[in-house]
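In: Let's see this in three dimensions:
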Amino acid sequence: MAGTIADLIVATLRASGVRRVYGLPGDSLNGFTDALRRDGTVAWGHVRHEEAAAFAAAGEAGTTGGLAVCAGSCGPGNLHLVNGLFDAQRSRVPVLAIAAHIPQEEIGSGYFQETHPQELFRECSVYCELASVPQQVPWLLQAAMRHALEREGVAVLVIPGGLFLAESPRGAAPRPVSRSVSRTIPADASLDRAAQVLNAARRVTILAGAGCAGAHDEAVALAGTLKAPMVHSLRGKGYLEHDNPYDVGLTGLIGYSSGYRAMEHCDALLMLGTDFPYREFYPESASVVQVDVRGEHIGRRVPVDVPLVGTVKDTAQALLPLLERRTDDSFARTMTGHYQRVRARLDGLAQAKPSESPLHPQHIAATVDRLATADAAFTADVGTPTVWAARYLRMNGRRRLVGSFNHGSMANALPQAIGIQAAHPGRQVVALAGDGGLAMLLGELLTLRQLGLPVKVVVFNNSALSFVELEMKAAGVVNYGTGLHNPDFAEQARAAGLFAARVERAGDLEDALRSAFAHDGPALVDVLTQRQELSLPPKLTYEQLKGFTLFATRTILNGRGDEIVELARTNLRQLSRD
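Out: The predicted model follows:
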């Protein structure tokens, strides 16, 4: 193949189904971006910050399942990718990062902008290698793409800027790379042992996560056979919540009491494709059977009696014939009944009077849910937007919910929405943004306009890092350093060329959202939101209660008793319902 190394890279990406590369240009990337220009079929997703490029790639890969690509110039350029790449790695989505490097002959000399990317990116990747000569690039590129797809993670290929312009090796040709399809099933002896444990238990609960993607029917069939309530993780919500008579919601820090009780009262726990991290929410004395295609993840959170290494779909199909079908569904009925009561209370908290101002966040999330399309893709910033998304966005098998749920980074919602919208131009994409998160990567509103991406941004504007404040309250710490002096985000969005509205009363929310959702371009709705709204976990420990008491006492002693009054007033509805 004639042409440069950069031409070969672009042709290989194109042959493998890649349609865009997210990044910011720089001199060490010139050979690569010029090859994209000449090719004309792989788009350049020009963002305003490389962190957004990596988040956008993660958002695209998370919704398509295919390889997504980002790129950064040498030194500071590719270093900006690192936070979004950590998120992609921990979310286990296939992303290739092309990290340009300084000239080969200057490596190790302390040259301008010199770093060592192959060392810096090692922790957030499944593959990270430096190409030094043209002959390496075809093989390293293939290996990087294969690692990203097969191991579902980040692969980083470090290429000195001058190498992009080198002549492609004689005989090198673009070879497409695609994910292989395989089945992984535990051995018969392991399946038999799992069946014995589950058949002997009186009360089985299923904890299911993102590993159940594509295995909804099999997971529900297991619940039906075992008459087991099903608790889903946050990342499993989109795959398991819908058409599931055994669903009892979430447990954990942002979960509900129904999910917590289903875990607390079981004598056997069946874990399906989840690595739920919070040990304090696991049952203390139940037998545990864990299914995970990554054997090294089994037993990381709780002692496991029977490990089953396999994909959830295939393992469930093999396990079902070995299980005794139960007739006693009293445990499942009790827990699903509890969930229905919890759900009714949560829905009641989402009601609002037209004159209410600022708005309760529950009402905002529930209204977004009601007005969004049946196949909408949602992103949610870490913090309170994730809480309200988890509690009020209803999944139906067609909708998707994406966030930084494992890495927990601020400012993820807007750039992830960029990647999802770019990959799904006809789909409604809604970013639930915190005011702190939006402000952190505010420049990406310009990206929406420049790339013509009709993302709808809903801002929970409470003038605070409110989830951090909640953590401080639980720890007995007086809130400090968390207040935000925000601008009018709607005015800023208009200045960037977006349709925008600002909502200060509950009665105006629906009209503003309808107008934004109907707009054929990017839009932002800035909603004035209650700062002191509490999102309580399903169980308050002694330490947390002690922490809240200390917080209240110290806040009053510091002359800020008005905050306690506002906290009580804001949450009076919630406390009276509970």
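In: end-to-end on stretch 107-126?
Out: Terminal residues of stretch 107-126 lie 24 Å apart, using CA to CA, to the nearest Å.
In: List the buried residues in it.
Out: 113, 115, 117, 118, 120, 121, 124, 125, 126 (16 or more other CB atoms under 10 Å). Placement of C-beta: from N, CA and C, glycine included.
In: where do the helices sit along the stretch 151-300 of the chain?
Out: Under the criterion DSSP state H, counting those that start in this stretch, the stretch 151-300 of the chain contains helices at 188-200, 216-226, 237-240, 257-264.
In: can you put those in TSV and add mean pLDDT, mean neighbour count and distance to residue 451?
Out: Conversion of these to TSV gives the following (pLDDT from 0 to 100; neighbours: other CB atoms under 10 Å; distance: least, CB to CB, whole Å):
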stretch	mean pLDDT	mean neighbour count	distance to residue 451
helix 188-200	98	16	49
helix 216-226	98	21	33
helix 237-240	96	26	25
helix 257-264	93	24	39
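In: Need the distance between the two termini of stretch 472-491.
Out: OK, stretch 472-491 end separation, CA to CA: 32 Å.
In: heads up, I number from 22, so please use that
Out: That works, and once the first residue is 22, the last one we named lands at stretch 493-512.
In: what's the spacing between it and its chain's center?
Out: Mean C-alpha position of stretch 493-512 versus that of the full chain (CA atoms, centre = their mean, to the nearest Å) differs by 23 Å.
In: Equivalent analysis for stretch 491-507, please.
Out: Using CA atoms, centre = their mean, the offset of stretch 491-507 from its chain centre is 24 Å.
In: Just the ones in helices from the buried residues of stretch 128-147, please.
Out: Per DSSP state H, helices hold the following members of those: 138, 139, 141.
In: what about the second one, distance to residue 101?
Out: Distance, residue 139 to residue 101, by CB to CB, to the nearest Å: 17 Å.
In: follow-up on the earlier one: from the ones in helices among the buried residues of stretch 128-147, which shows the smallest pLDDT?
Out: Of all these, residue 139 carries the smallest pLDDT score, 92.
In: That residue contacts residue 149, doesn't it?
Out: Yes - judged on CB atoms under 8 Å, residue 139 makes contact with residue 149 at a distance of 5.4 Å.
In: so what's in contact with the two at the same time?
Out: Residues touching both residue 139 and residue 149 by CB atoms under 8 Å, 6 or more residues apart in numbering: 177, 179.
In: Report the beta-bridge partner residues of the residue nearest the centre of the chain.
Out: Residue closest to the mean C-alpha point of the chain, counted by CA atoms, centre = their mean, is residue 424 at 2.4 Å. For residue 424, the beta-bridge partners under DSSP bridges are residue 401.
In: I figured residue 92 hits residue 121, correct?
Out: Yes - the pair residue 92 and residue 121 qualifies as a contact (CB under 8 Å) at a distance of 7.2 Å.
In: Comparing the two, which residue is more hemmed in?
Out: Neighbour count, other CB atoms under 10 Å: between residue 92 and residue 121, residue 92 has more, with 31 against 28.
In: where in this structure is pLDDT low?
Out: For the chain, the stretches with pLDDT under 70 are 22-23, 555-599.
In: try 90
Out: The model of the chain has pLDDT under 90 over residues 22-23, 126, 191-194, 202-203, 272-278, 298-302, 404, 485-504, 552-599.
In: Mutual contacts of residue 92 and residue 121, please.
Out: 50, 53, 99.
In: Which of these fall within strands?
Out: The strands, defined by DSSP state E, take in nothing from these.
In: Highest neighbour count among these?
Out: Neighbour counts for those peak at residue 99, which has 33 neighbours (criterion: other CB under 10 Å).
In: And the helices in the stretch 372-521 of the chain?
Out: For the stretch 372-521 of the chain, helices defined by DSSP H, counting those that start in this stretch occupy the ranges 382-392, 405-413, 434-444, 456-461, 465-472, 487-496, 510-516.
In: can I get the CA coordinates of the fourth one in PDB?
Out: Provided in PDB are the C-alpha atoms of helix 456-461 (Å, rounded to 0.1, in the frame of the first residue of the first chain):
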ATOM      1  CA  ASP A 456     -23.800  22.700  37.600                       C
ATOM      2  CA  GLY A 457     -20.300  21.800  38.900                       C
ATOM      3  CA  GLY A 458     -19.800  19.200  36.200                       C
ATOM      4  CA  LEU A 459     -21.000  21.500  33.400                       C
ATOM      5  CA  ALA A 460     -18.800  24.300  34.500                       C
ATOM      6  CA  MET A 461     -15.800  22.100  34.500                       C
END
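In: what helices or strands is that helix leaning on?
Out: Other elements packing on helix 456-461 under the criterion 3 or more CB pairs under 8 Å, 6 or more residues apart in numbering; DSSP states H and E are helix 434-444, strand 477-482.
In: Arrange the ones you listed in TSV, one row each, with mean neighbour count and distance to residue 107 as further columns.
Out: Formatted as TSV, those follow (neighbours: other CB atoms under 10 Å; distance: least, CB to CB, whole Å):
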stretch	mean neighbour count	distance to residue 107
helix 434-444	29	14
strand 477-482	29	23
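In: can I get the ones you listed in CSV with distance to residue 532?
Out: Compiled in CSV, those are given as follows (distance: least, CB to CB, whole Å):
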stretch, distance to residue 532
helix 434-444, 23
strand 477-482, 14
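In: In the top helix by length along the chain, which residues are buried?
Out: Ranked by residue count, the top helix of the chain under DSSP H comes out as helix 351-370. Residues 352, 353, 355, 356, 357, 359, 360, 363, 364, 367, 370 are the ones in helix 351-370 that count as buried (16+ other CB under 10 Å).
In: what's the span of stretch 201-215, first residue to last?
Out: So stretch 201-215: terminal residues 29 Å apart, CA to CA.
In: What are the contacting residues of that stretch?
Out: Stretch 201-215 has contacts (CB under 8 Å, 6+ apart) with 171, 310, 312, 314, 327-332, 335-336, 339-340, 343.
In: Equivalent analysis for stretch 31-38, please.
Out: With CB under 8 Å, 6+ apart as the test, stretch 31-38 has contacts from 22, 24, 42, 53, 56-57, 60, 62-63, 87-88, 90, 159, 162-163, 166, 195-199.
In: Go again with 10 Å.
Out: 22, 24-25, 39-42, 53-63, 85, 87-88, 90, 117, 119, 158-159, 162-163, 166, 170, 189, 193-199 (CB atoms under 10 Å, 6 or more residues apart in numbering).
In: Please flag which of the residues you listed sit within helices.
Out: Using DSSP H, those in helices are 53-60, 85, 158-159, 162-163, 166, 170.
In: Could you point out which of these is nearest to residue 547?
Out: Proximity to residue 547 was ranked across these by CB to CB; first place goes to residue 85, at 30.2 Å.
In: which residues touch the closest residue to the closest one other than its chain neighbours?
Out: Distances taken as CB to CB, 6 or more residues apart in numbering put residue 444 closest to residue 85, at 5.3 Å, once the chain neighbours are dropped. Taking CB under 10 Å, 6+ apart, we find residue 444 in contact with 40-41, 77-78, 80-85, 87, 89, 398, 450.
In: isn't there a strand covering residue 522?
Out: Yes - assigned with DSSP: H, G, I helix; E, B strand; the rest coil, residue 522 falls within a strand.
In: Please state the offset of stretch 233-252 from the chain centre?
Out: 23 Å.
In: ends of it, how far apart?
Out: One end of stretch 233-252 to the other measures 12 Å (CA to CA).
In: With just CA atoms, put the longest helix of the chain into PDB.
Out: Output of helix 351-370 as PDB, limited to C-alpha atoms (Å, rounded to 0.1, in the frame of the first residue of the first chain):
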ATOM      1  CA  SER A 351     -43.700 -15.700  49.500                       C
ATOM      2  CA  PHE A 352     -40.200 -14.200  49.700                       C
ATOM      3  CA  ALA A 353     -40.400 -12.700  46.300                       C
ATOM      4  CA  ARG A 354     -43.900 -11.400  46.900                       C
ATOM      5  CA  THR A 355     -42.900  -9.700  50.200                       C
ATOM      6  CA  MET A 356     -39.900  -8.000  48.600                       C
ATOM      7  CA  THR A 357     -41.700  -6.900  45.400                       C
ATOM      8  CA  GLY A 358     -44.500  -5.600  47.500                       C
ATOM      9  CA  HIS A 359     -42.000  -3.600  49.500                       C
ATOM     10  CA  TYR A 360     -40.600  -2.200  46.300                       C
ATOM     11  CA  GLN A 361     -44.000  -1.100  45.100                       C
ATOM     12  CA  ARG A 362     -44.500   0.800  48.300                       C
ATOM     13  CA  VAL A 363     -41.000   2.400  48.000                       C
ATOM     14  CA  ARG A 364     -41.800   3.200  44.300                       C
ATOM     15  CA  ALA A 365     -45.000   4.900  45.300                       C
ATOM     16  CA  ARG A 366     -43.200   7.100  47.900                       C
ATOM     17  CA  LEU A 367     -40.500   8.100  45.400                       C
ATOM     18  CA  ASP A 368     -43.100   9.000  42.800                       C
ATOM     19  CA  GLY A 369     -45.000  11.000  45.400                       C
ATOM     20  CA  LEU A 370     -41.900  13.000  46.000                       C
END
